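J.: sequence isn't available, so here's the structure alone:
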């Protein structure tokens, strides 16, 4: 659990630093005409971002564990840190705690490695700082080359370049089978079986109508002739 969280923090530190450098530092990569239209963001855009930035820096203080509050980082209890958010949400999380205790026993009250919040805070912060510096050094020296002129990477870089081939895997496992099943349902089930049955009913009705029209001509003489022939046929059957 901690290793996954630490890896996510390191990756976040790297790609956020890279994004900042590629976007806001270095030479302008837009055209001359586009650069004339560049301007600072209006207040309706930067004020919400400023609020989020302040909360990202100080928002974690609203629910700091007691171990950190009474450590060097909390000036040994002098800084306004507390677990008030945890206590405020306790009526909602109490049932979840009971379920966790029932499943895991008393170990459910402890952190995954038995606490150590201060240690993990130090480790994650130090590694994130190292990653930020590394990203500045690597990305700062990187020359931006248009995609058409840049050589396609090889090896593991090729896998990363193609995003772990997730799109290709999704296409083969999900998209293509669904497209094939949809075409089968369209051409075989819908167009052949269902439409064929409906068309057959209509064709049969037309054939039956054509057969009926052979005798239903509207001519009284024809009706009288057919009636006479029918009576003679019945009499002949009865007599002989």
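T.: Received the coordinates, thanks. Only a predicted model underlies this, so the values are computations on that prediction, with no experimental measurement involved.

J.: quick one: the longest helix seen in the chain to chain centroid distance?
T.: Using DSSP state H to define each element, the chain has its longest helix at helix 117-141. From the chain centre to the centre of helix 117-141 is a distance of 29 Å (Cα atoms, centre = their mean, to the nearest Å).

J.: avg pLDDT for that helix?
T.: Across helix 117-141, the average pLDDT comes to 81.

J.: show me what it is packed against.
T.: helix 2-24, helix 66-69 (3 or more Cβ pairs under 8 Å, 6 or more residues apart in numbering; DSSP states H and E). Bear in mind the C-beta positions are built from the backbone N, C-alpha and C, glycine included.

J.: tell me the angle the first one makes with helix 117-141.
T.: Between the axes of helix 2-24 and helix 117-141, defined by axes from the mean of the first three to the mean of the last three Cα atoms, to 10 degrees, the angle is 30 degrees.

J.: buried residues in helix 2-24?
T.: 9-10, 13-14, 17-18, 21 (16 or more other Cβ atoms under 10 Å).

J.: make JSON lines out of those and add pLDDT and distance to residue 133.
T.: JSON lines is the format used below for those (pLDDT from 0 to 100; distance: Cβ to Cβ, whole Å):
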{"residue": "9", "pLDDT": "83", "distance to residue 133": "15"}
{"residue": "10", "pLDDT": "87", "distance to residue 133": "12"}
{"residue": "13", "pLDDT": "89", "distance to residue 133": "10"}
{"residue": "14", "pLDDT": "90", "distance to residue 133": "11"}
{"residue": "17", "pLDDT": "90", "distance to residue 133": "9"}
{"residue": "18", "pLDDT": "88", "distance to residue 133": "13"}
{"residue": "21", "pLDDT": "85", "distance to residue 133": "12"}
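
J.: outline the domain layout of the protein.
T.: 2-27+42-144, 173-239 (automatic domain parsing).

J.: in the chain, what helix or strand scores lowest on average pLDDT?
T.: Sorted by mean pLDDT, DSSP states H and E, the helices and strands of the chain end with helix 66-69, the least confident at a mean of 64.

J.: coming back round to it: to residue 199, which of the helices and strands packed on helix 117-141 lies closest?
T.: helix 2-24 (58.6 Å; Cβ to Cβ).

J.: now the helices for the chain?
T.: Under DSSP H, the chain gives helices at 2-24, 32-35, 43-58, 66-69, 84-88, 90-104, 117-141, 156-161, 166-170, 176-184, 195-215, 220-239.
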